[in-house]
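K.L.:
structure, please.
(one chain, ligands or ions: 1)
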Amino acid sequence: MTPENASIKSRALCLMAPVIPVLVVNDAAHAVPLARALVAGGLPVLEVTLRTAAALDVIREMATVAGGIVGAGTLLTPKDVEDAKAAGALFGVSPGATDLILDACEANDLPLLPGVATASEAMRLLERGYTVQKFFPAEANGGAPALKAIGSPIPQVSFCPTGGVTLTNANDYLSLSNTLCVGGSWVAPKDKVLSGDWDGITALAAQASQLPR
Ligand code: 3PG
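P.N.:
Numbers count the residues shown, from 1 in each chain. A predicted model of the protein is given here:
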C-alpha cells in the first residue's frame, strides 16, 4: 500500500468518530464485551495497543465484533506489523515513525497512522506521502496551541492528537482545522474494564461520540 493510499484510509477512519479509543487490555476475555460497549456508544474505530501479552488475542477477538474496526497501536517493529496484520488488524498506529515501520506497513498493506512530535518529523512524513499523522504525545508537546502552530506552515497534514487528551480538553483539538479526531484512553478506564462495567463504558463512549468537530 502506498503512503498516499494509507493516508486516504487513515483519513476515512479518523472521520468515523471524534475519538479513537486507545485500549490497553490484559485479558482477552474482556475483548468482545469491551469492543461491543464502545461500538454501542458510537465509537467504532478501536486501537488495541500491543503492550500486553494478550494484545494479539484481543485484536483477534475484537475483529469479530460487528460494526467495529480494530487496529493495532504501539507498532515498534516490523514483526509487530506482521503480527498485527495476521491477527486481523485493519490499521496500525505507531508512537513515532521509522523507515523500518513505514516499509513494513507499506509491504503488509496495513494503513498506518504514524506518530510525529515536531514540524521536521511531519515534513519528513509528508515528503514520503503521509498526509494523515498522529501528534504524540499531544499534551506533553504543547497541546492544541502547538498543533495549531504546526498547522499554519504545514496545512497539508491532518492529525489525530493522542496522549493526555481527555473529555475536558478534546474540544481544544477538535476545533482545529488540522485535527480530524483525537485518540484517548479515557473512554475505557481500567477500573471499568476490570469490573466489567460495560454500560459505564458505553456511556463514556456515547459522551465522546457527541463531541463536536
Ligand atoms: C498512549 O500512549 O497510551 C496513548 O497515547 C493514550 O494516551 P492517554 O492515556 O493519555 O489517552
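
K.L.:
what's residue 85 in contact with, if anything?
P.N.:
For residue 85, the contact set (CB atoms under 8 Å, 6 or more residues apart in numbering) comprises 108, 109, 110. From N, CA and C alone the C-beta is placed, and that goes for glycine too.

K.L.:
how near is the first one to residue 57?
P.N.:
Using CB to CB, to the nearest Å, residue 108 is found at 19 Å from residue 57.

K.L.:
what's the first-to-last distance across stretch 140-158?
P.N.:
Length of stretch 140-158, first residue to last, CA to CA, to the nearest Å: 19 Å.

K.L.:
residues touching that stretch, excluding its own?
P.N.:
Applying CB under 8 Å, 6+ apart, the external contacts of stretch 140-158 come out as 11, 14, 117, 119, 122-123, 125-126, 130-133, 135, 138, 159, 161, 163-164, 169, 172-173, 176-180.

K.L.:
ok, now stretch 29-46?
P.N.:
Against stretch 29-46 from outside (CB under 8 Å, 6+ apart): 13-14, 16-17, 19-21, 23, 25, 54, 57-59, 61-62, 64-71, 91, 187-188, 193, 196, 198-199, 201-210.

K.L.:
is it correct that residue 183 falls within a strand?
P.N.:
Yes: with DSSP: H, G, I helix; E, B strand; the rest coil as the criterion, residue 183 is located in a strand.

K.L.:
wait, it touches residue 160, no?
P.N.:
Yes: assessed by CB atoms under 8 Å, residue 183 is found in contact with residue 160 at 5.5 Å.

K.L.:
what touches both of those two?
P.N.:
By CB under 8 Å, 6+ apart, the residues touching both residue 183 and residue 160 are 20, 134.

K.L.:
which one's more surrounded, the two?
P.N.:
Each of residue 183 and residue 160 has its neighbours counted (other CB atoms under 10 Å); residue 160 has more, 28 against 23.

K.L.:
what about the residue nearest to residue 67 when sequence neighbours are not counted, how many residues close to it?
P.N.:
Closest residue to residue 67 apart from its sequence neighbours, by CB to CB, 6 or more residues apart in numbering: residue 39 at 4.6 Å. A count of neighbours around residue 39, defined by other CB under 10 Å, yields 21.

K.L.:
what helix or strand does residue 39 sit in?
P.N.:
According to DSSP states H and E, residue 39 maps onto helix 31-40.

K.L.:
three-state assignment of residue 113?
P.N.:
strand.

K.L.:
beta partners of it?
P.N.:
Going by DSSP bridges, residue 113 is paired in beta bridges with residue 93.

K.L.:
burial count for it?
P.N.:
32.
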